[in-house]
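In: with the sequence up front, the predicted model follows.
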Amino acid sequence: MTMPRLTVKLAKQDFKFSAAHFTVFPDGDAERLHGHDYRVRVELEGTDPGPDGLLVPIAEVKANIRALCKSLDERTLVPEKCPLLEVSHDGETLEIEFGRRRYRLPGADTRLLPLQNVTMELLAMHLWRELARSLAGSAVERLVVEVEETPGQSASYAGRIGSD
């Protein structure tokens, strides 16, 4: 018999970030540098709301989501694990080489991400991992993070807390 589950859904108006990126494709091609207004939605699942009736203190979760969004907002997102990019930085300037393309950006305006590419799928996974760390030890058993790149186009990543 399956245990009844509680789901808390969070999709606040300010769970968003605007960022530039380009996606690298397997054939060695890439998109042009462009931007999106990303939106983030989160689902928290568990079976026991605890004696206070809360699955988790929601204010803390919302603060963590907002902090993650803020860390990506108004930045150029760069995948530091992409084998097709050469990335160097001296603290003040970040340089990216991709084939014949060269980008030189202010370091403060960029965010190096521990990803192979900047896609909505990998952004959802990245945000999931960051949020899952903050939920470890709570009554939340499963987390879903959805990243919407444009209206009607999104990716979500779901997993049990402590399993990824």
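Out: Okay, I see it. Numbers count the residues shown, from 1 in each chain.
In: now the strand ranked longest in the chain: how far from the chain's centre is it?
Out: The longest strand of the chain (DSSP state E) is strand 34-46. Between the centre of strand 34-46 and the centre of its host chain there is 7 Å, according to Cα atoms, centre = their mean, to the nearest Å.
In: what comes up buried for that strand?
Out: For strand 34-46, a neighbour-count test (16 or more other Cβ atoms under 10 Å) marks 36, 38-46 as buried. Every C-beta, even on glycine, is put in place using the N, C-alpha and C of the backbone.
In: do stretch 24-32 as well
Out: 24, 30.
In: likewise stretch 117-127?
Out: By 16+ other Cβ under 10 Å, the buried positions in stretch 117-127 come out as 117-120, 122-127.
In: share the number of residues neighbouring Q13, please.
Out: Neighbourhood size, Q13 [other Cβ atoms under 10 Å]: 6.
In: helix, strand, or coil at it?
Out: coil (DSSP: H, G, I helix; E, B strand; the rest coil).
In: and the gap between it and V118?
Out: Applying Cβ to Cβ, to the nearest Å, the value for Q13 to V118 is 24 Å.
In: got the contact list for C69?
Out: 14-17, 40 (Cβ atoms under 8 Å, 6 or more residues apart in numbering).
In: please read the previous query as pertaining to K81.
Out: Counting by Cβ under 8 Å, 6+ apart, K81 touches 114-116.
In: mind checking which of the residues you listed are buried?
Out: L115.
In: and the residue positioned nearest the centre of the chain, helix, strand or coil?
Out: Taking Cα atoms, centre = their mean, the centroid of the chain lies closest to L127, which sits 3.2 Å from it. What three-state DSSP gives for L127 is helix.
In: close enough to count as contact, it and V145?
Out: Yes. L127 is within contact range of V145, at 4.8 Å (criterion: Cβ atoms under 8 Å).
In: touching both of these two, which residues are there?
Out: 40, 157.
In: any low-confidence regions in the protein?
Out: Within the chain, the stretches with pLDDT under 70 are 1-2, 163-164.
In: helices of that one, start to end?
Out: Secondary structure of the chain (DSSP state H): helices at 58-72, 120-135.
In: and among those helices, the most buried is which?
Out: helix 120-135 (a mean of 19; mean count of other Cβ atoms under 10 Å).
In: burial of L113, as a residue count?
Out: Using other Cβ under 10 Å, L113 has 20 neighbouring residues.
In: who is it paired with across the strands?
Out: P79 (DSSP bridges).
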